[in-house]
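Peer 1: sequence first, predicted coordinates after that:
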Amino acid sequence: MKKLRIYVDTSVIGGCFDSEFAEWSSALIEDFRKGRYRAVLSDVTAAEVLPAPDFVKNLHTELLSLPAQIIRVDEDAVSLVQHYIAHSVLGQRFMNDMLHIALATIAEVDVLVSWNFKHIVRLDKIRLFNAVNLEQGYKPLAIYSPREVISHGSED
């Protein structure tokens, strides 16, 4: 069976070091370490991790060292973000949040995981992002928190 490709935004990496989210972020990282899932990361995540504490940077580096896919921002992603802005999904100042969605959409990942409940993991926003994705010829994107995605230690 094909491994799920899971786009990880920066909040999930940092979540490993936050008592509110550590249990589920750490379980997801362990799923990547055990090869249950394949991490998909982007240069947006890399840029967001730069000012973070060393322990966050070190975990990001570890994820990159696993079998992971790296996605780069390109013209298609920027164009899709412009459509999100035109449809008032989010404002320009939330560019990185929209880039995460656009990159994951274009890469056709199985799911994007995030702890950003204000701009990403929110039903009304998910519906708006996916309406634009469909209008632009892309598939809808599944968006969940790590809590709904972790394997709970199952091997299947």
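Peer 2: Thanks, I have the structure now.

Peer 1: show me where this structure has strands.
Peer 2: For the chain, applying DSSP state E gives strands covering 4-8, 37-42, 68-71, 111-113, 143-144.

Peer 1: so which of those strands is nearest Asn96?
Peer 2: strand 37-42 (9.6 Å; C-beta to C-beta). For the C-beta atoms, the positions are set from N, CA and C on the backbone; glycine is no exception.

Peer 1: which elements pack onto the closest one?
Peer 2: Here strand 37-42 touches strand 4-8, helix 22-33, helix 54-65, strand 68-71, helix 95-106, going by 3 or more C-beta pairs under 8 Å, 6 or more residues apart in numbering; DSSP states H and E.

Peer 1: show the average pLDDT along that strand.
Peer 2: Averaged across strand 37-42, pLDDT comes to 98.

Peer 1: list the strands paired with it, with their directions.
Peer 2: Applying DSSP bridges, strand 37-42 is found paired with strand 4-8 (parallel), strand 68-71 (parallel).

Peer 1: who are the contact partners of the residue nearest to Pro67 when sequence neighbours are not counted?
Peer 2: The shortest distance from Pro67 to any residue other than its chain neighbours is 6.0 Å, reached at Arg38 (C-beta to C-beta, 6 or more residues apart in numbering). Taking C-beta atoms under 8 Å, 6 or more residues apart in numbering, we find Arg38 in contact with Lys3, Leu4, Arg5, Ile6, Phe32, Pro67, Ala68, Gln69.
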